[in-house]
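1. Structure for the following, please:
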Amino acid sequence: MAGSRFEYVKGFELPDPLLPGTFLLYRLDGHSFHRLSDVHSFQKPNDERALKLMDHAARDLMDEYTDIVVAFGESDEFSFLLRKSTTLYNRRHAKIVTTLTSYFTASYVLHWPEYFPDTPLRYPPSFDGRIVLYPSEKEVRDYFAWRQADSEHRSPSASNPYAYRHAPDSLVAAHINNLYNTVFWALVQQGEQSTKDAHEALRGTVSSQKHEILFNRFGINYNLLPERFRKGSVLVREEVKEDSDPLPSSDVESSTENPNFPDSEAKVIQRTKEKKSKKARTRTHVVLYHCDIIRDPFWNERPWLLCA
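-> Numbering: from 1, shown residues only. The predicted model follows:
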């Protein structure tokens, strides 16, 4: 009740606005997903159903919040970039994190039966979320390079994103987390090693050695595995330009023939209508890719992603 003697408790609430003029990078991670995957018998090392479900929830989130321009996901995590100029929830930190996380989680639960029709949900999926602010395009690019490369200590350093962009193709193409998991589960499932022995066998190995183990012992060419597994999922908000039909002749004629308007004003009115018609026929939609986002081509082809 307004003016109540109890209203003083609102003074304990702290404002949490996010710094204006910065990119908002929101990342969510699955919480206790090891248990979730075990309870529902996810396929190892990759369960395509689970990955597609993550993609679906991410797409739903982007459809709901149009200030999200690009997202990258792998395994049980997804990162979303909100444009610099966003005023979503007045840039209130807690409001954005809690709402986006709960929306993603709700979508994940809602669409579970579509991807696991024969597996009832027996353990509640949950995610934690956070927001990091980045001041410029460079940090945003480096963040996504870090998440896609997800490198080990013997690979290009996470502290040196330049190394990612100029690393050999064989290294950049390899999603390190997935490479490790692929070799690990090959040792367990086909090599009949215990999980402890498999971890020990891979300790200290570099990417090239993991490739050799896969190919020489199990006949698996890692580079031929689906790109979804090797490169993760990239969701991009792209503009769809539809061909505009010419304005109905009646609209044009009613303007140009009106004796109350000089010819110059009539032309302005016509151009304004054409612009509105073109704008009405321009829309955006979210497109899914499994591609490299470390090097320049992806970003150079989509300059609007890092605009204000």
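2. Output the contacting helices and strands for the host helix or strand of Y143.
-> According to DSSP states H and E, Y143 maps onto helix 137-149. Other helices and strands packing on helix 137-149, by 3 or more C-beta pairs under 8 Å, 6 or more residues apart in numbering; DSSP states H and E, are strand 23-31, strand 68-74, strand 77-82, strand 126-134, helix 161-165. To be clear about C-beta, it is placed using only N, CA and C from the backbone, and glycine gets the same treatment.
3. Direction included, what does the first one pair up with?
-> Right, the one you point to is strand 23-31. strand 77-82 (antiparallel), strand 126-134 (antiparallel) (DSSP bridges).
4. Give me the contact list for the longest one.
-> So that's strand 126-134. 18-19, 22-32, 76, 93, 96-98, 100-101, 104-105, 108, 140, 143 (C-beta atoms under 8 Å, 6 or more residues apart in numbering).
5. Send me that strand as CSV with only the CA atoms.
-> What follows is strand 126-134 as a C-alpha-only set of coordinates in CSV (Å, rounded to 0.1, in the frame of the first residue of the first chain):
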residue,chain,number,x,y,z
SER,A,126,17.9,-25.6,-14.3
PHE,A,127,20.3,-22.9,-15.5
ASP,A,128,22.4,-20.2,-14.0
GLY,A,129,23.0,-16.9,-15.7
ARG,A,130,25.3,-13.9,-15.6
ILE,A,131,26.0,-10.7,-17.5
VAL,A,132,29.4,-9.3,-18.5
LEU,A,133,29.8,-5.8,-20.0
TYR,A,134,32.2,-5.3,-22.8
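6. rewinding a little: I'd like to know which of the helices and strands packed on helix 137-149 lies nearest to E192.
-> Taking C-beta to C-beta, strand 68-74 is the member of these nearest to E192, at 27.8 Å.
7. that older thread, give me the buried positions along the helix holding Y143.
-> Neighbour counts over helix 137-149 (16 or more other C-beta atoms under 10 Å) mark V140, R141, D142, Y143, F144, A145, W146, R147, Q148, A149 as buried.
8. can you check stretch 198-211 too?
-> A198, T205, S207, K210, H211.
9. just the residues you listed now: which is nearest S136?
-> Of all these, S207 has the smallest distance to S136: 30.3 Å, by C-beta to C-beta.
10. how near is the closest one to P226?
-> Applying C-beta to C-beta, to the nearest Å, the value for S207 to P226 is 18 Å.
11. Could you dump the strands paired with strand 23-31 into TSV with mean neighbour count and distance to Y180 added?
-> Converted to TSV, the strands paired with strand 23-31 look like this (neighbours: other C-beta atoms under 10 Å; distance: least, C-beta to C-beta, whole Å):
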stretch	mean neighbour count	distance to Y180
strand 77-82	23	16
strand 126-134	16	23
